[in-house]
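*Asks:* Sequence and predicted model, in that order:
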Amino acid sequence: MKEYLLVFRGGDGAIHSDSPEKVQAHMQKWMQWMGGLQQDGKFVGAQPLEATGKKISGTKKVVTDGPFMEGKEMVGGYLICKANTYDEAVQIANGCPILTFDDGSVEVRELKAMQM
């Protein structure tokens, strides 16, 4: 089985909801989705990301503050999963709760084996 990185962008609707109950219900969807992947032996790991950060650029190593792009393009977190093919990884990503928002997206990338 190969490993795939799912990168989550957008989905600000969940974060800025005016109802704590809606936020809790949305978080429950995430827990169910990831729990299902874990039961199927396809979950490797996941973490949300803070909305702030630092960026280091170029040979002069200039440090600037983030965020670095529009909210809908901001990376909010990631998940690493196992799948046999890209199609299977895309199918897994299709169940991601961030896709319940118009501005939510999931980027699917295969992880390459590191040659040491």
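*Replies:* Received the coordinates, thanks.

*Asks:* Which pLDDT value belongs to the residue lying closest to residue 105 once chain neighbours are set aside?
*Replies:* Closest residue to residue 105 apart from its sequence neighbours, by C-beta to C-beta, 6 or more residues apart in numbering: residue 9 at 4.8 Å. Where C-beta positions appear, they are placed from N, C-alpha and C, glycine not excepted. If you check residue 9, the pLDDT there is 90.

*Asks:* if you go through the protein in chain order, where are the helices?
*Replies:* Assigned by DSSP state H, the helices in the chain fall at 12-15, 20-39, 86-94.

*Asks:* Buried residues, the longest one. List them.
*Replies:* When you say that, I think you mean helix 20-39. 26, 30, 33, 34, 37 (16 or more other C-beta atoms under 10 Å).

*Asks:* correct me, but the fourth one touches residue 78?
*Replies:* No - shown here, residue 34 and residue 78 do not form a contact pair, counting by C-beta atoms under 8 Å, at 11.9 Å.

*Asks:* what's the overlap in contacts for the two?
*Replies:* residue 46 (C-beta atoms under 8 Å, 6 or more residues apart in numbering).

*Asks:* circling back to that earlier point, closest to residue 109 out of the helices of the chain?
*Replies:* helix 86-94 (8.8 Å; C-beta to C-beta).
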